[in-house]
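Undergrad: Return atomic coordinates for the entry below.
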Amino acid sequence: MLQDNEKRFEEDIEAYLLAEGGYSKGNQENYDKEKAIDIDELISYIKETQKKEWKKYVRTYQSDAPNKLFTRLTQEINANGLLHVLRNGISDRGTRLMIASFRPETSGNPEVISAYEANRLTCTRQFYYSTENRNSIDMVLSLNGIPIVALELKNQIKGQTVDNAKKQFMYDRNEREVCFQFNTRFLVYFAVDLYESWMTTRLDGNKTFFLPFNQGSHGAGNVGGAGNPQNIEGYSTSYLWENVLQKDALLDILQRYMHLDGNVKTGRLIFPRFHQLDVVTKLVEDVRVNGSGDNYLIQHSAGSGKSNSIAWLSYRLSSLHNALGKNIFTSIIVVTDRRVLDNQLQATISGFDHTLGLVETIGDKKTSKDLRDAINDGKKIIITTLQKFPVIYDEINDNTDRRFAIIVDEAHSSQTGDSAKKLRTALANTEDALREYAEIEGVAEENLEDGEDQLVKELLSHGRHENLSFFSFTATPKQKTLEMFGTEHDDGTFHPFHIYSMRQAIEEGFIFDVLKNYMTYQTSYRIAKATPDNPEIPTTKGVKAIRRFQSLHAHNLQQKTIVMIEQFRDITKNKISGKAKAMVVTASRLHAVRYYHEFKRYIEAKNYDDLDILIAFSGVVNDGDTDYRETSMNKTKDGKSISENQLRNEFHEDDFNVLIVAEKYQTGFDEPLLHTMFVDKKLSGVKAVQTLSRLNRIHEGKEDTFILDFINTAEEIKESFAPYYESTSLDEAIDVNMIYDIQTKIHNFKLYNKQDIDKFLKIYYKKGKQSDKDLGEMTSLLKPVLERYTDLKDEEQYEFRISLRNFNKWYSYIIQVARMFDKGLHQEYVFTSYLDKFIPKLSTTDINIEDKLKLEYYKLEETFKGDITLNPNTVDSVLENPKSVGTGIKPVEEDELLEVIIQKINEKFPGSFSDGERIIVETLYKSVKKDKKLKVSAKNNDAQIFEQSIFPEFFHKSALDNYEKSMNSFEKLFQDSTFYQAVMDAVAKVAYKDLRSED
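TA: This is a model prediction of the structure:
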């Protein structure tokens, strides 16, 4: 009869560990429960691996050597922690004794290999640990007589789950027992059942905090949620003992992953989460097999522990050897803008390896020359910012036989810019490219650089290089990121190498779902002329000016300020034990400044003493006759100015609880106490995800988050988050030949020719020392081109300007993914890069019509409240690469009377509707605009067929959908057939016209 009890579960795990896991069966005959160690087992290991040292030790202490060993071991552990002692051993009266041996990167030293094999790993079931009672742990794994891993095993068939195992650790295990004291014996505790595994490194009674240690519902590195996939060959949790607790894997974790964050007594022991262990292991193994030259995109959500993943990967790559025993990489270069990561990376790696100078940080106090010297000196791990490379890219020594791993913290569009190009130029070994180029040119390599060495050098730096490997981390990959760093599949699509999705991070409880509690408001208003004049103004600028007038109107700011402050006082300030904070995201620096004053006025008028505000913006804002700066507006309680560097810390403390921002702090700002966000700015795509994700950090006592959005709809926010909820892929590689289409467009304007480019580049690539006339002559050559440009019509200038910038932008990107070896194209890129700098900027002076307008009607009302649900997908969200690089022709803008423009805004649709009814119309119109099939129908049919035969069916379905979402708002539509027909006719007419005019 089949055994299905907990005992059988134990037996199956033990059977694997004894047969294939590298363990022997443990017993407790010599285990001292009071000392929590089998000292005889430890001495046996020392005798086998360190014969001379043990003889010396016995000569010093004679028969008392075992007791002295235990005493000194205890002293070292109390001072430095067990993890440190396992890695570094102990020293006693001139004798150094290792407590464990770890596997070397190479197998060149037989003695080291022999010592590693001599480790005694034992597996003991029903481990009786206490002198006070007969309590036992289901399974204990010991290393050289020291218990290091504890497992409580539960079986759903018998009515118990992993939660029972957690409770057993929390309530039935006394953390004051020697074996349970932090970093003294057990380093990690696992609660395991048939389906899930959870882990902690510190027992602290009912405060014990367990982390999930699961693969994810579809396996590690794949799209999915929490939990584990089905295992048709055994237990769903068998990865734990097969891949993590197996001898080589566990010792590798002890040697290269676990680290102490903080104080020996009060700090945290960091044990890698499964996806972190998995991604580093898979990356290292791929590089070990394939060597340098490949790129890797790691799509890991916020809450994935990216800083530790980067630290572990840096350390592993720095000592990685190939099959011949040679280092694969000369240096590991971590490109980041996060100071916190710099400190954490150094602290983490120093826990593994005390080699002086292993990590070189090129921070704010160091220069680009320090970066140059670190690279030239072959420092193993270099932390720097991308912006330092343009200064020293041509001062790096010959890169022959030097290979670099570049780890990019937050791979985004900056990786396609000039600084990223200079990084590649600085580090690339162009030997293979030179050979390829020589074959194309049909000449010997040594003759190539004569006469045009700088041009050739630039061409050779393009594309990928065998000596450069990029490891790029991001939660929100864009098209360019996927193509540059992603893995190309057989069907031509690009995918991340490894995934830890937003969905999984949310379901595992590492971040909050910021869309769970979302509220949107709709602003309705009517604007009128406040002057008898009716001036003519440009339509676009007029519309923009009127909307700006409304958004900055004192009444608008006052009403929203009241909503925000009262919402904060009613809800937010009571969250996180009264420590919760809020952020106000504004549309501009001027909006931020005016909101600041409105907040201050309202707080003072109400005599509220339970909140105070800070503001964050760059530069100087002029409002009226006053200039405002962030530092002069932010003051401590005792009146001292708060510097930009102090702002984060001041906001974290108790004195301030609301931060008003304009552009700043919307990315890279980690404040776990941030609970609420008020949004008064249009957000979309990656920007929306990055901004709203400022709230997602977990914190003790933080149970939820809240967003109140005055501008964006729930549907718009959902569309922004959807591509990054699980996994993102790219449909195909960019068509590099598009660059020639743009080049042709530029040539058709006949503003310059080949001779103009040649004259310019003759000076630009001139050998020898620059004379005092070179720069003047070079820029003078551009003057006739600029004069011809000014002769163009306005719309032609617009098209040329956009074409020129597209050419430079796309060429700059293309040469990083492909090696084109097109000298003429590259020469034109150099020329047009300079030309673009001299093209006059389009005047963007806003018209001022505030004194001609008045706000006649204003209404602010709630339109959505609840959960913006993101549904799990079984396939990736596919981004599409552009299929053409069109410039578009800017339409000639005609001036319209101010009164007409106001009417267009106030009365967007035909018919006479109330403000409430207008909201119905606008909601339905938005759903029309998004429908691709309807757009095709409008383009392919006349107005009568569209409005009478096609549109009514779509309108009815859209109306029903909206009625189900908001019955109160859309009730009148179905109660009054006349109103229904009027709305449908009005929307149909406008929709037909608009849909046909769209590209």
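Undergrad: what about residue 722, distance to residue 685?
TA: 11 Å (Cβ to Cβ, to the nearest Å). Placement of C-beta: from N, CA and C, glycine included.
Undergrad: for residue 495, same thing?
TA: Separation of residue 495 from residue 685 (Cβ to Cβ): 20 Å.
Undergrad: out of the two, which sits in the more crowded spot?
TA: residue 495 (21 against 14; other Cβ atoms under 10 Å).
Undergrad: Please tell me I have it right and that one contacts residue 729.
TA: Yes: between residue 495 and residue 729 there is a contact under Cβ atoms under 8 Å: 4.7 Å.
Undergrad: Helix or strand: which one has residue 298?
TA: strand 295-300 (DSSP states H and E).
Undergrad: Following element in sequence after that strand, please.
TA: Past strand 295-300, further along toward the C-terminus, the next helix or strand under DSSP H and E is helix 306-318.
Undergrad: in the stretch 801-950 of the chain, which spans are strands?
TA: Per DSSP state E, counting those that start in this stretch, the stretch 801-950 of the chain carries strands over the ranges 853-866, 877-879, 895-897.
Undergrad: mind checking the SS state of residue 628?
TA: What DSSP: H, G, I helix; E, B strand; the rest coil gives for residue 628 is strand.
Undergrad: Low-confidence ranges, the stretch 701-850 of the chain, go.
TA: Within the stretch 701-850 of the chain, the stretches with pLDDT under 70 are 842-850.
Undergrad: what ranges do the helices span in it?
TA: Ranges of helices within the stretch 701-850 of the chain are 714-725, 738-747, 754-764, 774-780, 783-790, 794-817, 823-838, based on DSSP state H, counting those that start in this stretch.
Undergrad: export these to TSV and tack on mean neighbour count and distance to residue 656?
TA: Below are the helices of the stretch 701-850 of the chain laid out as TSV (neighbours: other Cβ atoms under 10 Å; distance: least, Cβ to Cβ, whole Å):
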stretch	mean neighbour count	distance to residue 656
helix 714-725	19	27
helix 738-747	17	50
helix 754-764	15	52
helix 774-780	13	50
helix 783-790	14	51
helix 794-817	19	41
helix 823-838	17	42
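Undergrad: In a markdown table: the ones you listed, plus distance to residue 301.
TA: Putting these into a markdown table (distance: least, Cβ to Cβ, whole Å) gives the following:
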| stretch | distance to residue 301 |
| --- | --- |
| helix 714-725 | 8 |
| helix 738-747 | 33 |
| helix 754-764 | 45 |
| helix 774-780 | 48 |
| helix 783-790 | 47 |
| helix 794-817 | 26 |
| helix 823-838 | 37 |
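Undergrad: check contacts around residue 407.
TA: Going by Cβ atoms under 8 Å, 6 or more residues apart in numbering, residue 407 touches 310, 313-314, 317, 332-335, 471-473.
Undergrad: just curious, which of these is nearest to residue 280?
TA: Among the contacts of residue 407, residue 313 lies closest to residue 280 (Cβ to Cβ), at 5.1 Å.
Undergrad: Quick check: phi and psi on residue 684?
TA: Per-residue torsions, residue 684: phi -160, psi 160 (degrees, to the nearest 10).
Undergrad: What's the local residue count around it?
TA: 12.
Undergrad: and it, how far is that from residue 55?
TA: For residue 684, the distance to residue 55 - Cβ to Cβ - is 73 Å.
Undergrad: before we move on, what about residue 667?
TA: Relative to residue 55, residue 667 is positioned 61 Å away (Cβ to Cβ).
Undergrad: Break down the stretch 501-650 of the chain into its helices, ranges please.
TA: Under DSSP H, counting those that start in this stretch, the stretch 501-650 of the chain gives helices at 502-507, 539-552, 554-570, 589-606, 630-633, 647-652.
Undergrad: most packed of those helices?
TA: helix 502-507 (a mean of 25; mean count of other Cβ atoms under 10 Å).
Undergrad: now that one, how far from the chain's geometric center?
TA: Remark: helix 502-507 is offset 14 Å from the chain centroid, using Cα atoms, centre = their mean, to the nearest Å.
Undergrad: other SSEs contacting it?
TA: helix 714-725 (3 or more Cβ pairs under 8 Å, 6 or more residues apart in numbering; DSSP states H and E).
Undergrad: Tell me what angle the helix it packs on forms with strand 295-300.
TA: Orientation check (axes from the mean of the first three to the mean of the last three Cα atoms, to 10 degrees): helix 714-725 against strand 295-300 gives 130 degrees.
Undergrad: Next one: residue 238, what pLDDT does it get?
TA: Note on residue 238: pLDDT of 97.
Undergrad: I'd guessed it sits against residue 230; true?
TA: No: if you go by Cβ under 8 Å, residue 238 and residue 230 don't touch, sitting 11.6 Å apart.
Undergrad: so how far is the first residue of stretch 81-93 from its last?
TA: One end of stretch 81-93 sits 20 Å from the other (Cα to Cα, to the nearest Å).
Undergrad: What are the buried residues along it?
TA: With burial defined by 16 or more other Cβ atoms under 10 Å, the residues of stretch 81-93 counted as buried are 81-87, 89-90, 92.
Undergrad: May I see those residues organised as TSV, with secondary structure added?
TA: Conversion of those to TSV gives the following (three-state DSSP):
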residue	secondary structure
81	coil
82	helix
83	helix
84	helix
85	helix
86	helix
87	helix
89	coil
90	strand
92	strand
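Undergrad: and the two most separated of those residues?
TA: Those two in the buried residues of stretch 81-93 that are separated most widely, counting by Cβ to Cβ, are 83 and 92, at 19.3 Å.
Undergrad: how much does the strand holding residue 298 deviate in direction from helix 306-318?
TA: Relative orientation of strand 295-300 and helix 306-318, computed by the same axes, to 10 degrees: 150 degrees.
Undergrad: partners of strand 295-300, with directions?
TA: Applying DSSP bridges to the sheet, strand 295-300 is found paired with strand 468-474 (parallel), strand 498-500 (parallel).
Undergrad: So for it, could I get the coordinates as PDB, restricted to C-alpha?
TA: Listed next in PDB are the C-alpha coordinates belonging to strand 295-300 (Å, rounded to 0.1, in the frame of the first residue of the first chain):
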ATOM      1  CA  ASN A 295      24.600  40.200 -24.600                       C
ATOM      2  CA  TYR A 296      22.000  39.300 -21.900                       C
ATOM      3  CA  LEU A 297      18.800  41.100 -21.000                       C
ATOM      4  CA  ILE A 298      17.500  40.400 -17.500                       C
ATOM      5  CA  GLN A 299      13.900  41.600 -17.100                       C
ATOM      6  CA  HIS A 300      13.500  41.700 -13.300                       C
END
